[in-house]
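**Student:** just coords:
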């Protein structure tokens, strides 16, 4: 009986530890060194915004981005930002590697949850067009059906 109780207590005491290790809920932005960290978790919209014009334009779409599991990465002056948080240099380099073959004239780069670039857009693109593209993706259609 005592042995069973000890085993049960040992198992129960390990559950929160295992849960924290596998889910990594409290990861800090400073710990993320590669854009692939977000693969299968988020869609990504990379914004190349040297003049800060686009960032202001998209703020009103935060609810729509959240509904679609979209993360906004802003590139400016050889730096990358998520939610105005300056990411480390390794993260910036991983983003640049990901987008190296994209059209340099485009300011928006849409990446799917599978980590592939889905489409690039010019800076004058209406955000609703990007959201429509996301809504047409098979994975997003399945997500919308569940909700």
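**Tutor:** On my side now, so go ahead. Keep in mind the model is a prediction, meaning the values are calculated, not measured.
**Student:** quick check: mean pLDDT across stretch 110-126?
**Tutor:** Regarding stretch 110-126, the rounded mean pLDDT is 95.
**Student:** May I see the buried residues of that stretch?
**Tutor:** Using 16 or more other C-beta atoms under 10 Å as the test for burial, stretch 110-126 gives 110, 111, 112, 113, 118, 119, 120, 121. The C-beta positions use only the backbone N, C-alpha and C, and glycine is treated the same way.
**Student:** What of stretch 75-84?
**Tutor:** Here stretch 75-84 shows 75, 76, 80, 81, 82 as buried, counting by 16+ other C-beta under 10 Å.
**Student:** Tell me the one of the residues you listed nearest residue 41?
**Tutor:** Nearest to residue 41 among these: residue 82, at 12.8 Å, using C-beta to C-beta.
**Student:** what's that closest one in contact with, if anything?
**Tutor:** By C-beta atoms under 8 Å, 6 or more residues apart in numbering, residue 82 lies in contact with 29, 71, 72, 73, 74.
**Student:** same check, this time on residue 144
**Tutor:** Contact analysis of residue 144 by C-beta under 8 Å, 6+ apart lists residue 135.
**Student:** That one is in what secondary structure piece?
**Tutor:** helix 138-146 (DSSP states H and E).
**Student:** what's the closest non-adjacent residue to residue 112?
**Tutor:** residue 118 (4.9 Å; C-beta to C-beta, 6 or more residues apart in numbering).
**Student:** Quick check: the gap between the one you found and residue 77.
**Tutor:** 26 Å (C-beta to C-beta, to the nearest Å).
**Student:** what packs against the helix or strand the residue nearest to residue 112 falls within?
**Tutor:** Using DSSP H and E, residue 118 sits in strand 117-121. Packing partners of strand 117-121 (3 or more C-beta pairs under 8 Å, 6 or more residues apart in numbering; DSSP states H and E): strand 108-111, helix 127-135.
**Student:** strands paired with that strand, and their directions?
**Tutor:** Next to strand 117-121 in the sheet, as set by DSSP bridges, lie strand 108-111 (antiparallel).
**Student:** any residues touching stretch 107-127, and which ones?
**Tutor:** So stretch 107-127 is in contact with 35-36, 39-49, 53-54, 57-58, 61, 64, 69, 98-99, 102-103, 105-106, 129-130, 133-134, 137, 139, going by C-beta under 8 Å, 6+ apart.
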